[in-house]
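Q: coords please:
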Amino acid sequence: MGKRCARRRWLATTCLGTALLLLCVAPRALYPALESRALGPNWLRGRKSPLQRLHDLDQGLRSPLAEVHRQRRDQLRRACSRHTRRQRLLRPEDLRHVLVDDTHGLLYCYVPKVACTNWKRVLLTLSGGARGDPRGIPAHEAHLPGRLPSLADFSPAEINRRLRTYLAFLFVRDPFERLASAYRNKFARPYSAAFQRRYGTRIVRRLRPQAGPEALARGHDVRFAEFLAYLLDPRTRRQEPFNEHWERAHALCHPCRLRYDVVGKFETLAEDAAFVLGLAGEPGLRFPAPPRPKAVMAARDYAALLFRDISPFYQRRLFDLYKMDFLLFNYSAPPYLRLH
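A: As a prediction, this is how the structure comes out:
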């Protein structure tokens, strides 16, 4: 009986994986009326879908920003074909980071430390899960489980329909600046002592000889070099997957398996967010507090300061760990690294 149940589970997972694999090469439906019966009678209510609007931009005279996004899509596809080989089939849990807005026809894959709190606030407002200005939604409410549906919550057929007809987007960031931001937020200036106790104490126990009792109990003073050594330690990923705050963006969003229509970047967040909201038919909705150029530069300087004391050997190993994000999203190796 146990073997029969196990075989059924294996077959179900294989079928879903095969279905999702086929979606990667399936043509996108540009006319949502063909899907309206499947997605519900009130979907879009006669308005153009975001995917239709993007198609219209591509067919007409493109704005400079639309051309930038076309180039990013093309670059991602080329990088995927050049740098990825045979990959495993997707499982339902692989889609848990892809959030769904059925009201506007949007799929958003969130990457922590790339303005995902504000994007969740915006999606809650767009989908009717919250009213008023997105900036008024407390951060902890935006992250509450179940506030926004995930693509993993749907059946394979429903996943298939949404991937064909919805506009899919994600936002990415220079991998090492994102890593520095995760360290600062979770260890250097933490919002949660519980996070330090869970990960900080683990890092201290493993990597700090003769650690004091307070550090062993609280994990409150993890050094950046210890954090990086923890990421590079093979035992870390053998024990459990990376935490989402430092997991690679491509491992969270699977951009070579799922087709993304817009690749936004933290470095151009204001313009790219406005582009997505325009495609969603909500150009009047303002994205909450995108970083100013000085803040972007400050984040870059902070990463450079942290990596200054990391040896070239460990810099190279860490670059190799995050290399696919650099390649897929067209980021150059930061000038402060000593890779040769």
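
Q: ok, now which ones touch residue 178?
A: Residue 178 sits next to 111, 113, 114, 249, 266 when contact means CB atoms under 8 Å, 6 or more residues apart in numbering. Where C-beta positions appear, they are placed from N, C-alpha and C, glycine not excepted.

Q: 10 Å - rerun?
A: 111-114, 172, 245-246, 248-249, 266, 299, 303, 322, 325 (CB atoms under 10 Å, 6 or more residues apart in numbering).

Q: element containing it, please.
A: helix 175-183 (DSSP states H and E).

Q: which SSE is residue 315 in?
A: Assigning secondary structure by DSSP H and E places residue 315 in helix 312-321.

Q: what residues of whichever helix or strand comes after that helix count as buried?
A: The helix or strand immediately downstream of helix 312-321 is helix 323-328, counting by DSSP H and E. Neighbour-count burial for helix 323-328, with 16 or more other CB atoms under 10 Å as criterion, is recorded at 324, 325, 326, 327, 328.

Q: all strands of the stretch 1-150 of the chain, in order?
A: 98-101, 106-109 (DSSP state E, counting those that start in this stretch).

Q: so where's this protein uncertain?
A: 1-46, 190 (pLDDT under 70).

Q: what distance do you get for the closest residue in space to residue 125 that isn't next to it in sequence to residue 148?
A: For residue 125, ignoring the flanking residues on the chain, the nearest one in space by CB to CB, 6 or more residues apart in numbering is residue 134 at 4.7 Å. Separation of residue 134 from residue 148 (CB to CB, to the nearest Å) stands at 13 Å.

Q: so which residues of the stretch 151-300 of the chain form strands?
A: With DSSP E, counting those that start in this stretch as the definition, the stretch 151-300 of the chain shows strands at residue ranges 167-172, 262-265.

Q: residues in contact with the spatially most central residue of the chain?
A: By CA atoms, centre = their mean, the chain has its centre lying nearest to residue 111, at 2.7 Å. Shown in contact with residue 111 (CB under 10 Å, 6+ apart): 97, 119, 170-173, 178, 244-245, 247-250, 252-253, 266, 325.

Q: which residues touch the residue lying closest to residue 296 once chain neighbours are set aside?
A: In space, and not counting its chain neighbours, residue 296 is closest to residue 267: 5.9 Å by CB to CB, 6+ apart. For residue 267, the contact set (CB under 10 Å, 6+ apart) comprises 172, 173, 174, 177, 291, 293, 296, 299, 300, 331.

Q: need those residues in TSV (columns: distance to residue 159 and neighbour count).
A: Formatted as TSV, those follow (distance: CB to CB, whole Å; neighbours: other CB atoms under 10 Å):
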residue	distance to residue 159	neighbour count
172	23	27
173	27	24
174	31	24
177	32	23
291	33	15
293	39	9
296	35	18
299	35	21
300	37	18
331	30	18
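
Q: so which of those sit within helices?
A: Residues of these located in helices (DSSP state H): 177, 293, 296, 299, 300.

Q: which one of the residues you listed is nearest residue 189?
A: Of all the ones in helices among the contacts of residue 267, the one with the least separation from residue 189 (CB to CB) is residue 299, at 13.4 Å.

Q: count the neighbours of the closest residue to residue 173 other than its chain neighbours for me.
A: In space, and not counting its chain neighbours, residue 173 is closest to residue 266: 3.8 Å by CB to CB, 6+ apart. The tally of other residues near residue 266 (other CB atoms under 10 Å) stands at 21.

Q: one more: residue 186?
A: The burial count for residue 186: 23, using other CB under 10 Å.

Q: go on, residue 332?
A: For residue 332, the neighbour count with other CB under 10 Å is 7.

Q: contact partners for it?
A: By CB under 10 Å, 6+ apart, the residues touching residue 332 are 174, 326.

Q: got the contact list for residue 286?
A: 122, 133, 134, 135, 270, 273, 274, 277.

Q: neighbour-wise, give me the winner out of these.
A: Across those, neighbour numbers were computed from other CB under 10 Å; residue 122 holds the maximum, 28 neighbours.

Q: ok, and the closest non-adjacent residue to that one?
A: residue 134 (5.0 Å).

Q: hmm, residue 127 and that neighbour touching each other?
A: No - counting by CB atoms under 10 Å, residue 127 is not a contact partner of residue 134; they are 11.5 Å apart.
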